[in-house]
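K.L.:
sequence isn't available, so here's the structure alone:
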Ligand code: CA
């Protein structure tokens, strides 16, 4: 799950990034509304957390623009404005939820999990291939009915592969999905996740396409 955080308060943004990453989310951060609009057009995130008071343009204008671009990405508005008017305006403009500052991180996580569930329920919840069943609603994977213990990154890799069976997914695509923009990625990070995933699945369904990427084949 890739989150785009648009927040000009650097201290708050750093804190949110740290705790969201600890929960296993991939977080990219921007402090300008105009950059968020450009970023969403180029490479849409799964969830957007959007501050209303930004230095260059109002958060509501950002929201309006990305909805006009046709993005259905769930947007959680974050704002110090707690007037009912602002909430209504935000939701009317196409926000999915609204969180007033200051907030507890537990509440932030709960709101994001609700958005995750909504995304999952809009898509088909289960991807089944042979004995492997991946459930996007509760983030679980079973092989022949046996529940596997897998990390969030391993889950994301398997999901990406199972969504496009027979197609090669480049290593670069997987890295973009798994890591934040400025995150230091060791050159074999994806290989390590794939290696662990293969061990856990215990059946050979992930093929390595040398120098290119990986392919799921049942
Ligand atoms: Ca602000």
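P.N.:
Sure thing, it's come through. Since this is a predicted model, take the numbers as computed values, not measurements.
K.L.:
hey, where'd the strands end up in the protein?
P.N.:
Assigned by DSSP state E, the strands in the chain fall at 2-6, 26-30, 47-51, 75-79, 97-100, 126-129, 132-135, 140-143, 146-147, 168-170, 206-209, 213-216.
K.L.:
what residues of the second one count as buried?
P.N.:
The neighbour-count check on strand 26-30 (16 or more other Cβ atoms under 10 Å) flags 26-30 as buried. All C-beta spots, glycine's among them, are computed from the backbone N, C-alpha and C.
K.L.:
pLDDT and distance to the ion added to those, as TSV?
P.N.:
Listed next are these as TSV, based on pLDDT from 0 to 100; distance: Cβ to the ion, whole Å:
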residue	pLDDT	distance to the ion
26	93	23
27	96	17
28	96	17
29	97	13
30	98	12
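K.L.:
related to what we said a few turns ago, just send the strands of the chain back as TSV, with distance to residue 179 too.
P.N.:
What follows is the strands of the chain, written out as TSV (distance: least, Cβ to Cβ, whole Å):
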stretch	distance to residue 179
strand 2-6	10
strand 26-30	6
strand 47-51	16
strand 75-79	22
strand 97-100	26
strand 126-129	23
strand 132-135	21
strand 140-143	21
strand 146-147	27
strand 168-170	14
strand 206-209	19
strand 213-216	15
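K.L.:
out of these, which is closest to residue 189?
P.N.:
For residue 189, the closest of the strands of the chain is strand 26-30, at 12.6 Å, according to Cβ to Cβ.
K.L.:
just want the angle from that closest one to strand 47-51.
P.N.:
Interaxial angle of strand 26-30 relative to strand 47-51 (axes from the mean of the first three to the mean of the last three Cα atoms, to 10 degrees): 30 degrees.
K.L.:
sheet-wise, list the partners of strand 26-30 with their directions.
P.N.:
strand 2-6 (parallel) (DSSP bridges).
K.L.:
just the angle for the strand it pairs with relative to strand 75-79, thanks.
P.N.:
30 degrees.
K.L.:
tell me which residues are up against strand 2-6.
P.N.:
13, 16-17, 20, 25-33, 36, 39-40, 45-51, 54, 59, 62, 112, 177 (Cβ atoms under 8 Å, 6 or more residues apart in numbering).
K.L.:
which elements pack onto the lowest-mean-pLDDT helix or strand in the chain?
P.N.:
Ranked by mean pLDDT, DSSP states H and E, the helix or strand of the chain with the weakest confidence is helix 84-93, at a mean of 84. Other helices and strands packing on helix 84-93, by 3 or more Cβ pairs under 8 Å, 6 or more residues apart in numbering; DSSP states H and E, are helix 59-68, strand 75-79, strand 97-100.
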